[in-house]
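Trainee: please find the sequence and the predicted model below.
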Amino acid sequence: MIRYDFLETLCGRLLIAIDDHGLVHVDFVAGLRPLPDMSGWRQDGDALAPCLAEFDAYFAGRLQRFTLPLAARGTAFQQAVWQALCDIPYGETRSYGDIARAIGKPSAVRAVGAANGRNPLSIIVPCHRVIGQNGSLTGYAGGLPIKQALLRLEGIPR
């Protein structure tokens, strides 16, 4: 059973969903990609309270690393990319090439970008910290204004 709730943030409304193993989905409602099919999901603010509290602390600038259990589903390659994203420290950025090298696949820059774009756990798996090789902002499922706001929240001027 997937349970979910919404959180109003300074960047917009956030959908947060969990199953019995941990977080399965975090995304901005007004983002660029469609939300998942939520039929069969149950809204349950009580079950999501610990998650919502950590997100509140993050957006208030009091939390730099989430402690919530993660249960994102993806291929082995996607999981490797998402783990490398989790290794990017708060307040820092990396390029797609940096991530490709970190997972031992230096020529897989485009595949890293694709896996980054399929990240089902926005913010928690910090794909917003990935920028272009030349330092430019690149795509973000929540939209570039949200990516900019998240980077500014973490002290990264953009």
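Mentor: Alright, I've got the coordinates. Numbering: from 1, shown residues only.

Trainee: distance of the most centrally placed residue in the chain from Val24?
Mentor: For the chain, Ser122 is the residue whose C-alpha lies nearest the centre (CA atoms, centre = their mean; 1.8 Å). Using CB to CB, to the nearest Å, one gets 12 Å for the distance from Ser122 to Val24. C-betas here are computed from N, CA, C, even on glycine.

Trainee: mind listing what the residue nearest to the centre of the chain touches?
Mentor: Ser122 sits next to Leu14, Val26, Asp27, Phe28, Gly31, His128, Ala141, Gly142 when contact means CB atoms under 8 Å, 6 or more residues apart in numbering.

Trainee: report the separation between it and Ala115.
Mentor: Going from Ser122 to Ala115 by CB to CB gives 14 Å.

Trainee: now swap in Arg94 and tell me
Mentor: 14 Å.

Trainee: more neighbours: these two, which one.
Mentor: Between Arg94 and Ala115, counting by other CB atoms under 10 Å, Ala115 is the more crowded of the two (24 against 18).

Trainee: what sits up against the host helix or strand of the more buried one?
Mentor: Under the criterion DSSP states H and E, the helix or strand holding Ala115 is helix 109-117. Helix 109-117 is contacted by residues 74-75, 77-78, 81-82, 85, 96-97, 99-100, 103, 105, 127, 130, 138-139, 141 when judged by CB under 8 Å, 6+ apart.

Trainee: which among those residues count as buried?
Mentor: Buried members of these, counted by 16 or more other CB atoms under 10 Å: Gln78, Val81, Trp82, Leu85, Tyr96, Ile99, Ala100, Ile103, Cys127, Val130, Thr138, Ala141.

Trainee: so which of those residues is the closest to Gly45?
Mentor: Ala141 (24.2 Å; CB to CB).

Trainee: can you pull the pLDDT of the closest one?
Mentor: pLDDT recorded at Ala141 is 85.

Trainee: residues in contact with it?
Mentor: Ala141 neighbours (CB under 8 Å, 6+ apart): Asp27, Phe28, Gly31, Leu32, Arg33, Gly117, Asn119, Ser122, Cys127.

Trainee: much appreciated, bye for now.
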